[in-house]
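# Next one to model:
(chains A and B)
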2 protein chains.
Amino acid sequence: MPSNTTACLILIGNEILSGRTIDKNLSMISLKLNGAGVQMREARVIPDIEAVIIETINSCRAQYDYVFTTGGIGPTHDDITAESVAKAFRVPLILHPEAERRLLAHYKPEDVNDARMKMALVPQGATLIDNPVSAAPGFVIENVFVLAGVPRIATAMMDFIAPSLKGGLPVISRALDVHCPEGEVAVGVGAMQLRYPDVEIGIYPKITEGMLRSTIVMRCVDIAQLAACANDMIAMIKDAGVFVTEMVD
Amino acid sequence: MPSNTTACLILIGNEILSGRTIDKNLSMISLKLNGAGVQMREARVIPDIEAVIIETINSCRAQYDYVFTTGGIGPTHDDITAESVAKAFRVPLILHPEAERRLLAHYKPEDVNDARMKMALVPQGATLIDNPVSAAPGFVIENVFVLAGVPRIATAMMDFIAPSLKGGLPVISRALDVHCPEGEVAVGVGAMQLRYPDVEIGIYPKITEGMLRSTIVMRCVDIAQLAACANDMIAMIKDAGVFVTEMVD
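This is a model prediction of the structure:
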């Protein structure tokens, strides 16, 4: 199996549910977690509604080793993540002195206002997550990491916290570009999954140059098993008379 | 409020959780539901694990008017959605004569195999959803709509079922491009939300030409309230000395 250390991502934001914004953070965070030996097991997209945020955080933090959230930590009326997390943990929301210092250093005195200083409020007991882009920090409380929704900021925050994550072995993957529809090699790929139960094998249809083709992805923490599986897979596909190449990520 | 008719989307697929694939179906489905007067309230991304699929479907179908799923209805070993849905509804998985007919009509006789014919299996009592791209149908059982994961096919399936959805009034929206960081207008926007409680107002940071700017989105089923809110919002922003333009979707 890819990893026994598990994570869940909670995407907080009406703009994703309404269809206006296409999320890019799930993919970014999952890839960084793979490298840290942590497996993303679930993601939930929820609206900016306090009761929903509280219930989702409490349900997920009991279920997974790590929980990440994105969105809702800005200065506006619809940014209610910090307050909701505090309520989920039943602790007060407090002014964090270091967060306050960073915001005051970042803004010109005439640009400081109550809305912006709201971004220095964190749940009691939380530790800050650096934001090198726009100063306003994220935070971590127990196993819950609260990140910004803007992808550039969320990415910088993930780079900041990744070294502190305690995962298992990193997941490695290999992918094959298979020049036939998946139905043509389905039986052979299914047999390969039985032969290599510790390799997670996925096969996905795609349309390339107007033709139905497939991608086969193999993921495992053990490089030797992965190599054996990939070799057998390539041989099986070639034996079926189908063109196959290794994909480079 | 945007709409009282609710929906949830369950995205089934390890490839999205692993970070390899960035989902585009959530946005597409949400936008089509907006037009039908149905509000997407939640989305969940889950792995190709039968017990998780069953539990998630049963939890969501009790909670929302409509549930949509994408992914896992192809011919391969990791396509376990139809079987899992049947188990969630405690009905047998049966060979659907019309689905079988469509598949046999679509494939050349020499390309018919067991893996492909698996795509004619649906839960007892399900109705087919047309797939004009690659024949293999989706299906609906009670309030659960099971769609393909390939965006082009999922889109065609949504177009097929949209007329049958019974929603409320369609949600209309207006969006403003605001040439300042959101913290500068946060207080004014918050006041506007209090003045127009039936308009869902969101404000989102963005980085344009290296500058922090904001997008304000207003959503409502009532065009008059939406217009009044937008007019007041534009006046408030201009009064603050900030450049603002209406965005065209």
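# rest of the way, CA atoms for contacts and neighbours
Fine.
# Contacts only, for the residue nearest the centre of chain A.
In chain A, the centroid-proximal residue (C-alpha atoms, centre = their mean) is residue A:29; its distance is 3.1 Å. Residues counted as contacts of residue A:29 (C-alpha atoms under 8 Å, 6 or more residues apart in numbering or on different chains) are A:155, A:158, B:19.
# how about 10 Å then?
A:9, A:40, A:68, A:151, A:154-155, A:158-159, A:162, B:17-19 (C-alpha atoms under 10 Å, 6 or more residues apart in numbering or on different chains).
# Give me the subset of those residues lying in helices.
Using DSSP state H, the subset of these located in helices is A:151, A:154-155, A:158-159, B:17.
# Check those residues against residue A:83 and report the nearest one.
residue A:154 (19.1 Å; C-alpha to C-alpha).
# Can you flag the buried ones in the ones in helices among the contacts of residue A:29?
Neighbour-count burial (16 or more other C-alpha atoms under 10 Å in any protein chain shown) is assigned, among the ones in helices among the contacts of residue A:29, to A:151, A:154-155, A:158, B:17.
# which among these gets closest to residue A:199?
Among these, and counting by C-alpha to C-alpha, the member closest to residue A:199 is residue B:17, at 15.9 Å.
# Turn the ones in helices among the contacts of residue A:29 into JSON lines, including distance to residue B:222 and pLDDT.
As requested, the ones in helices among the contacts of residue A:29 are exported to JSON lines (distance: C-alpha to C-alpha, whole Å; pLDDT from 0 to 100):
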{"residue": "A:151", "distance to residue B:222": "33", "pLDDT": "94"}
{"residue": "A:154", "distance to residue B:222": "35", "pLDDT": "97"}
{"residue": "A:155", "distance to residue B:222": "38", "pLDDT": "98"}
{"residue": "A:158", "distance to residue B:222": "41", "pLDDT": "98"}
{"residue": "A:159", "distance to residue B:222": "44", "pLDDT": "97"}
{"residue": "B:17", "distance to residue B:222": "37", "pLDDT": "95"}
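# Between which two of these is the distance greatest?
Pairwise distances across these (C-alpha to C-alpha) peak at 18.9 Å, for the pair A:159 and B:17.
# Give me the below-cutoff pLDDT ranges for chain A.
Where chain A drops to pLDDT under 70, the residues are A:1-3, A:249.
# For it, just list every one of the strands.
With DSSP state E applied, chain A shows strands at A:6-12, A:39-46, A:66-70, A:93-95, A:121-123, A:127-129, A:138-141, A:144-147, A:172-178, A:200-208, A:211-220, A:244-247, listed in chain order.
# can you list those in a markdown table and add mean neighbour count and distance to residue B:218?
Below are these laid out as a markdown table (neighbours: other C-alpha atoms under 10 Å in any protein chain shown; distance: least, C-alpha to C-alpha, whole Å):
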| stretch | mean neighbour count | distance to residue B:218 |
| --- | --- | --- |
| strand A:6-12 | 25 | 18 |
| strand A:39-46 | 24 | 18 |
| strand A:66-70 | 24 | 21 |
| strand A:93-95 | 17 | 29 |
| strand A:121-123 | 24 | 27 |
| strand A:127-129 | 19 | 31 |
| strand A:138-141 | 21 | 27 |
| strand A:144-147 | 25 | 25 |
| strand A:172-178 | 19 | 43 |
| strand A:200-208 | 19 | 36 |
| strand A:211-220 | 20 | 40 |
| strand A:244-247 | 14 | 43 |
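# got these as CSV, with distance to chain B columns?
Output for the strands of chain A, formatted as CSV (distance: least, C-alpha to the nearest C-alpha, whole Å):
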stretch, distance to chain B
strand A:6-12, 9
strand A:39-46, 4
strand A:66-70, 13
strand A:93-95, 18
strand A:121-123, 15
strand A:127-129, 19
strand A:138-141, 16
strand A:144-147, 14
strand A:172-178, 10
strand A:200-208, 6
strand A:211-220, 8
strand A:244-247, 12
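# Adding distance to residue B:93, write those strands out as TSV.
Rendered in TSV, the data for the strands of chain A read as follows (distance: least, C-alpha to C-alpha, whole Å):
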stretch	distance to residue B:93
strand A:6-12	31
strand A:39-46	27
strand A:66-70	36
strand A:93-95	51
strand A:121-123	49
strand A:127-129	49
strand A:138-141	45
strand A:144-147	40
strand A:172-178	30
strand A:200-208	23
strand A:211-220	26
strand A:244-247	34
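# Does the biggest helix by length in chain A reach chain B?
What stands out as the longest helix in chain A, according to DSSP H, is helix A:223-239. No. Counting by C-alpha under 10 Å from any C-alpha of the partner chain, no contacts exist between helix A:223-239 and chain B, the nearest distance being 14.4 Å.
# how does chain A divide up, domain by domain?
Split into domains by automatic domain parsing, chain A comes to A:6-164, A:172-247.
# For those, give me TSV that also has distance to residue B:146.
Converted to TSV, the domains of chain A look like this (distance: least, C-alpha to C-alpha, whole Å):
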stretch	distance to residue B:146
domain A:6-164	19
domain A:172-247	17
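# Any idea which of those domains gets closest to residue B:184?
Comparing the domains of chain A by C-alpha to C-alpha, domain A:6-164 comes nearest, at 7.6 Å.
# Could you check how far that closest one is from the centre of its chain?
12 Å (C-alpha atoms, centre = their mean, to the nearest Å).
# and it, how far apart are its ends?
15 Å (C-alpha to C-alpha, to the nearest Å).
# got it, and stretch A:109-122?
22 Å.
# same deal with stretch A:5-23?
OK, stretch A:5-23 end separation, C-alpha to C-alpha: 24 Å.
# With chain B as the reference, measure out to the spatially closest residue to residue A:87 that is not a sequence neighbour.
Of all residues not flanking residue A:87 in the chain, residue A:54 sits nearest, at 6.8 Å (C-alpha to C-alpha, 6 or more residues apart in numbering or on different chains). Distance of residue A:54 to chain B, computed by C-alpha to the nearest C-alpha, to the nearest Å: 14 Å.
# what sits against residue A:54?
A:81, A:83-89.
# Try it again at 7 Å.
A:84-85, A:87-88 (C-alpha atoms under 7 Å, 6 or more residues apart in numbering or on different chains).
# before we move on, what about residue A:160?
Contacts of residue A:160 (C-alpha under 7 Å, 6+ apart): residue A:130.
# what about 8 Å?
So residue A:160 contacts A:129-130 (C-alpha under 8 Å, 6+ apart).
# Could you do residue A:211 as well?
Contacts of residue A:211 (C-alpha under 8 Å, 6+ apart): none.
# cool, residue A:205 as well?
Taking C-alpha under 8 Å, 6+ apart, one finds A:181-182, A:212-215, B:150 in contact with residue A:205.
# how about 7 Å then?
Counted by C-alpha under 7 Å, 6+ apart, residue A:205 has contacts A:181-182, A:212-215.
# Residue A:53 and residue A:46: what is the separation?
From residue A:53 to residue A:46 the distance is 7 Å (C-alpha to C-alpha).
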